[in-house]
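Peer 1: Predicted model, plus sequence, below.
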Amino acid sequence: MSVAELSLPSAQAAASGERRLTVRDLNVGFARDGETLTVVRDVSFTLAAGRCVAIVGESGSGKSVTARTLAGLTGHGAVVDAAEISLGGVDLGDSVDLTAQTDRSWRRIRGRRIGFIQQDALVSLDPLRPVGKEIEEALRLHGWLDRTARRRKAVELLASVDVPQPELRARQRPGELSGGLRQRALIASAIALDPEVIIADEPTTALDVTVQAQVLSLLEDAKVRGSSIILISHDLSVVAQLADDILVMRGGEVVEQGPAAQVLRAPQHPYTQSLVDAVPSGHTRGERLAPQERTVPNLHVARTSAGERGEAVLAARDLVKRFVAPDGRHSTAVDHVSFTLHRGETVGIVGESGSGKSTTARIALALETADEGEVRLLDRPWSGASEAKRRPLRRRIGVVYQDPLSSFDPRWNTERILLDAIPADAGLTRREREQRVIDLLAQVALPASVRERFPLRLSGGQRQRIAIARALATSPEILVLDEAVSALDVSVQAQVLDLLVDLQDEYGLSYLFISHDLGVIHHLSDRVLVMKDGVVVEEGDAEQIFRAPEHPYTQELLRSLPTLDSSAGEDAGETRE
């Protein structure tokens, strides 16, 4: 077989509407303690050539289990039952019954007829093997010609997914590539054998907006050329870019399905409506994203009231931070960055990976030392002060990270985590400290019963609320939030964003909010700094930045921003009314 003979499925197949996959009454369960726990119930849909069906829902909805089942990767102990799961079309040979496959036969189907793109490229790719070898392995396992031809094809595939310098990248290991390049390498591996169906499980989660746009463009190109795509995502804005049809799952069941424009513009099920309403954007500024009432009770804490906003609480001037790479080369991560954060204000810092935004946040927290410039906290020396002089001020500034689980001691329950955060010199009795824990939980809308639970037994939203409660334990005036909602499902993210607004309104908190999610930044921020390669390329009022960006890089970011409007035609804006 020549390289030319390995091409994506023909556009003619797409034009003919040839059916590629049929799923009827799919049920998936897992054996546990002698019983079967059903996690997917009665899922049905069909997929034609050149079409994309998106399966959306939050963690635990069953969408990823459905995807993995259709790729023969459900796992040991799984009980799969379906009236029909068939793969194949008229020009692709006889239909294949996917319910009757063994592990061995699945290995012949997977890769050759069904491609699978997983979410975490760093985990999915072998860290010890160059990415070119990874792609070559997919070809070798299916008996595709000799080593020289496979190597040439791997480079061609990397080039086809817009990997720059594909010959060089093919020789590099995953750890040497950016997140976007790793994800493209995964896509190259998934399409190496021209599968009829590509299953993409959260392929853009945690990617910068421009890289996300590139990945979606690659999938769109594959669809145009005839591939059938199943897109798994909790991000409706991403789904709107690619999907022709949508299945909305909740609790293992499909609660709504239909054409993408119909589901996004006129959702019928209350759950779908809540997902649509929870997407943050400029349209949602000043509005609540979640349907709940206010989450924060009027608790007394030692903080300046919200009515006394205005003065600068954190000021950075001409910050510079340089690093030395392992090869001895110097790089400037932060290049003369300045900003001022006022009381009761949210300043958003947005940029792609490597832009310097997180390093700027660490300097602001005095966790990183600037090579030049200074930070003043509450008009006092901060970055240049000794740790002894900084210590009394540390409680005035708190931090909330992206992944709270990694920052919690898994051996500690919630109560101990929060007790440890309460200053030892607060002069509280043991009973008062225990009451303080209950008050902190109430501030983040969690019941006192959560005190006894350990981090691994909490949901992602509960863990992030506890991370916020921990940051509030010292009664800070400033919170630095570094990608604090980027790993959350859309409705949980909505609840946390509403909570942050409530806390700010109640206590006059100031937020330095770091994110690559432009929708979140637009929804929450009063002012915005846009960073690229360590430099602030544009700053100003949030509405000004998003409505009339001046710098070409900001304009590029906003052009790449996915929106719900994409699949709904010219009148899509009506969905927000």
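Peer 2: Here it is on my side, so go on.
Peer 1: drop to CA atoms for contacts and neighbour counts, all remaining ones
Peer 2: Fine.
Peer 1: Counting neighbours, which bits of the host helix or strand of Lys133 end up buried?
Peer 2: Assigned by DSSP states H and E, Lys133 falls within helix 131-141. Residues of helix 131-141 classed as buried by neighbour count (16 or more other CA atoms under 10 Å): Val131, Gly132, Lys133, Glu134, Ile135, Glu136, Glu137, Ala138, Leu139.
Peer 1: neighbouring contacts of it?
Peer 2: The contact list for helix 131-141 (CA atoms under 8 Å, 6 or more residues apart in numbering) reads 111, 125-126, 150-151, 153-155, 169-174, 185, 188-189, 192-193.
Peer 1: For stretch 323-342, which outside residues touch it?
Peer 2: By CA under 8 Å, 6+ apart, stretch 323-342 touches 309-322, 347, 354-356, 359-360, 373, 510-512, 533-536.
Peer 1: er, stretch 30-44 actually
Peer 2: Residues contacting stretch 30-44 (CA under 8 Å, 6+ apart): 22-29, 62, 65-66, 77-79, 82, 251-254.
Peer 1: Type out the PyMOL command that picks the buried ones from those residues.
Peer 2: Selecting the buried subset of the contacts of stretch 30-44 in PyMOL, with 16+ other CA under 10 Å as the burial test, is done by:
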select buried, resi 22+23+24+26+27+28+29+62+65+66+78+82+251+252+253+254
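Peer 1: Which of the contacts of stretch 30-44 fall in helices?
Peer 2: Using DSSP state H, the subset of those located in helices is Val65, Thr66.
Peer 1: and Gln119, how many neighbours?
Peer 2: 19 (other CA atoms under 10 Å).
Peer 1: how near is it to Leu73?
Peer 2: 14 Å (CA to CA, to the nearest Å).
Peer 1: go on, Ala471?
Peer 2: Taking CA to CA, one finds Ala471 at 40 Å from Leu73.
Peer 1: Next: Gln464.
Peer 2: 30 Å.
Peer 1: Looking only at neighbour counts, state which of those two leads.
Peer 2: For Gln464 versus Leu73, neighbours defined as other CA under 10 Å are more numerous around Gln464 (26 against 16).
Peer 1: before we move on, which element is the more buried one in?
Peer 2: Here Gln464 sits within helix 460-472, counting by DSSP H and E.
Peer 1: Show me how far that helix is from its chain's centre.
Peer 2: The chain centroid and the centroid of helix 460-472 are separated by 18 Å under CA atoms, centre = their mean, to the nearest Å.
Peer 1: Show which residues not belonging to the helix or strand harbouring Thr554 make contact with it.
Peer 2: Assigned by DSSP H and E, Thr554 belongs to helix 552-560. Outside helix 552-560, the residues that touch it by CA under 8 Å, 6+ apart are Val209, Thr210, Ala213, Leu518, Val530, Lys532, Val537, Glu538, Phe546, Pro549.
Peer 1: and the last one, which of the three is it?
Peer 2: Judged by DSSP: H, G, I helix; E, B strand; the rest coil, the three-state class of Pro549 is coil.
Peer 1: any idea what sits nearest Gly251, other than its immediate chain neighbours?
Peer 2: Ser61 (4.6 Å; CA to CA, 6 or more residues apart in numbering).
Peer 1: was I right about the one you found contacting Val255?
Peer 2: No - the criterion here is CA atoms under 8 Å, and Ser61 misses it with Val255 at 10.5 Å.
Peer 1: ok, Ala469 - how many residues close by?
Peer 2: Count around Ala469 with other CA under 10 Å applied: 25.
Peer 1: Ok, the one 5 residues further on next?
Peer 2: The number of residues packed near Thr474 is 19, by other CA under 10 Å.
Peer 1: That one - that's part of a strand, no?
Peer 2: No - Thr474 is assigned coil when assessed by three-state DSSP, not a strand.
Peer 1: What's the separation between it and Arg451?
Peer 2: According to CA to CA, Thr474 stands 18 Å off from Arg451.
Peer 1: do Ala333 as well
Peer 2: Ala333 is 40 Å from Arg451, by CA to CA.
Peer 1: Quick check: pLDDT value at Ala487.
Peer 2: Here, the pLDDT recorded for Ala487 equals 74.
Peer 1: what about it, neighbour count?
Peer 2: Other residues within reach of Ala487, judged by other CA under 10 Å, total 16.
Peer 1: Next, the contact list for the residue lying farthest from the centre of the chain, please.
Peer 2: Distance to the chain centre peaks in the chain at Thr429, reaching 41.7 Å (criterion: CA atoms, centre = their mean). By CA under 8 Å, 6+ apart, Thr429 lies in contact with nothing.
Peer 1: Can you report phi and psi for it?
Peer 2: phi -70, psi 170 (degrees, to the nearest 10).
Peer 1: same question, Asp146
Peer 2: phi -100, psi 180.
Peer 1: I'd like to know which elements the strand or helix carrying Val530 is packed against.
Peer 2: Element membership for Val530 (DSSP H and E) is strand 527-532. Under the contact criterion of 3 or more CA pairs under 8 Å, 6 or more residues apart in numbering; DSSP states H and E, strand 527-532 touches strand 346-350, strand 535-541, helix 542-547.
Peer 1: Please work out which of the ones you listed is packed deepest.
Peer 2: Most buried of these, by mean neighbour count (mean count of other CA atoms under 10 Å): strand 346-350, with a mean of 26.
Peer 1: quick revisit: just the buried residues of the helix holding Thr554, please?
Peer 2: Buried positions in helix 552-560, judged by neighbour count with 16+ other CA under 10 Å: Tyr553, Thr554, Leu557, Leu558, Ser560.
Peer 1: Sketch out the low-pLDDT regions of the stretch 451-577 of the chain for me.
Peer 2: 566-577 (pLDDT under 70).
Peer 1: what's the distance between Gly175 and Leu125?
Peer 2: From Gly175 across to Leu125, the span is 10 Å (CA to CA).
Peer 1: Go through stretch 376-392 and flag the buried ones.
Peer 2: Buried-residue list, stretch 376-392, by 16+ other CA under 10 Å: Arg376, Leu377, Leu378, Trp382, Ser383, Gly384, Arg390.
Peer 1: Let me have these in a markdown table, adding secondary structure as columns.
Peer 2: Converted to a markdown table, the buried residues of stretch 376-392 look like this (three-state DSSP):
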| residue | secondary structure |
| --- | --- |
| Arg376 | strand |
| Leu377 | strand |
| Leu378 | coil |
| Trp382 | coil |
| Ser383 | coil |
| Gly384 | coil |
| Arg390 | helix |
